[in-house]
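Undergrad: how would this look folded up:
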Amino acid sequence: MAILIDENTKVLVQGITGREGRTRTKLMKEYGTKVVAGVTPGKGGAEIEGVPVFDTVYEAVEKVGQIDASAIFVPAPLVKAAAMEAIDAGIKLLLLVPDRVPIHDVLEIADFAEKKGAKFIGPNTLGVLSPGRAVLGMIGGRAETAKQWFRQGDIGVSSRSGGITSAISYYISRAGFGLSTIVHVGGDAVVGLPHPDIMLLFEQDEQTKMVVMFGEIGTTQEERVADLIEQGKFTKPLIAFIGGKAAKEGTRFSHAGAIVEGGRGSYHSKVSRLKEVGAYVVDSLMEIPEKVAEVRKKHGLD
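TA: Numbering: from 1, shown residues only. Predicted coordinates for the structure are as follows:
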């Protein structure tokens, strides 16, 4: 099944005529994603990679019919307007790619999305990839690379770092295992679907048998995943790797969402909490494939 996207997901690209929009539309189409329309105000009537371009999301929906997801490749100050338009037009899943989107804008998007029954990934995200099915965003960089690097299988990946999202998925695949869906939740402090939300989606997915999570210092996402395990709401084997071991309190670590302010959110609080509820915590990226093999054997997943 995979989560969030599959081969039937109909995708819109907002900002399709820009450099990123064009490049990522090519990636998505060549991978097999159903990109059905693009939007750039004032560029209606154009065509990018065989995809018709419209002036508004409303026009796109009217002309091509139902659209399931929108990948937003517009400058950060314009993300809120683009997201609001997509949600208002009835699109239920958004990918907010840009970084530096104002937190207040993200909160407004979140409020509007909740009211309209929509959800979003990001901001500051590479996107989502369900191997062999579809990619939303830019994981893999090129379709050929994405097809070669990421094998289809039953391991879900959820990560707060774009680079590590790809690295974890690559090393798991290289070790001979396969992936159900790869999700980069985004590197900002406020994101639409943080780790706990992704775990709940993986819990309901029949294809996913276990999950690998990359977490970081800052926010309480990883502790909240531990809470889900403790409450019996997430029951599948979880391998976790937490970045930021050497960071001191008050230190900003890589992403806007990774800043330690004491108590929950620190490296030690995340690791101890996850271990407490039975998650398998590793100390380095390179330990993950070996731990995957060990956990699969222990739980009879081979």
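
Undergrad: residues contacting the residue lying closest to residue 106 once chain neighbours are set aside?
TA: What sits nearest to residue 106 in space, not counting adjacent residues and going by CB to CB, 6 or more residues apart in numbering, is residue 190, at 4.8 Å. C-beta coordinates here come from the backbone N, C-alpha and C atoms, glycine included. Contact analysis of residue 190 by CB atoms under 8 Å, 6 or more residues apart in numbering lists 103, 106, 107, 110, 257.

Undergrad: what secondary structure does residue 190 sit in?
TA: With DSSP: H, G, I helix; E, B strand; the rest coil as the basis, residue 190 sits in coil.

Undergrad: related to what we said a few turns ago, most neighbours out of the contacts of residue 190, which is it?
TA: Most neighbours among the contacts of residue 190, by other CB atoms under 10 Å: residue 106, with 24 neighbours.

Undergrad: low-confidence stretches in the stretch 151-300 of the chain?
TA: The stretch 151-300 of the chain contains residues with pLDDT under 70 at 246-264.

Undergrad: cutoff 80 now
TA: In the predicted model of the stretch 151-300 of the chain, residues 245-265 satisfy pLDDT under 80.

Undergrad: now the helices: where do they sit in it?
TA: 162-174, 195-204, 221-230, 267-276, 288-298 (DSSP state H, counting those that start in this stretch).

Undergrad: what would these look like in a markdown table with distance to residue 19?
TA: Converted to a markdown table, the helices of the stretch 151-300 of the chain look like this (distance: least, CB to CB, whole Å):
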| stretch | distance to residue 19 |
| --- | --- |
| helix 162-174 | 18 |
| helix 195-204 | 29 |
| helix 221-230 | 32 |
| helix 267-276 | 37 |
| helix 288-298 | 34 |
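
Undergrad: can you tell me which of those is nearest to residue 123?
TA: Nearest to residue 123, of all the helices of the stretch 151-300 of the chain, is helix 162-174, at 12.0 Å by CB to CB.

Undergrad: give me the contacts around that closest one.
TA: Helix 162-174 is contacted by residues 125-126, 129, 139-140, 149-151, 155, 157, 159, 178-179, 182-184, 187, 212, 214, 241, 243, 285-286, 288-289, 292 when judged by CB under 8 Å, 6+ apart.

Undergrad: grab the nearest non-local neighbour of the spatially most distant residue from the centre of the chain.
TA: For the chain, the residue at maximal distance from the C-alpha centroid (CA atoms, centre = their mean) is residue 45, at 31.1 Å. Closest residue to residue 45 apart from its sequence neighbours, by CB to CB, 6+ apart: residue 53 at 6.9 Å.

Undergrad: okay, now the sheet partners of the host helix or strand of that neighbour, with direction.
TA: Per DSSP states H and E, residue 53 falls inside strand 51-54. The pairing partners recorded for strand 51-54 under DSSP bridges are strand 34-39 (parallel), strand 47-48 (antiparallel).

Undergrad: save the ones you listed as a markdown table, and put in mean pLDDT, mean neighbour count and distance to residue 119 too.
TA: Below are the strands paired with strand 51-54 laid out as a markdown table (pLDDT from 0 to 100; neighbours: other CB atoms under 10 Å; distance: least, CB to CB, whole Å):
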| stretch | mean pLDDT | mean neighbour count | distance to residue 119 |
| --- | --- | --- | --- |
| strand 34-39 | 98 | 24 | 19 |
| strand 47-48 | 97 | 15 | 26 |
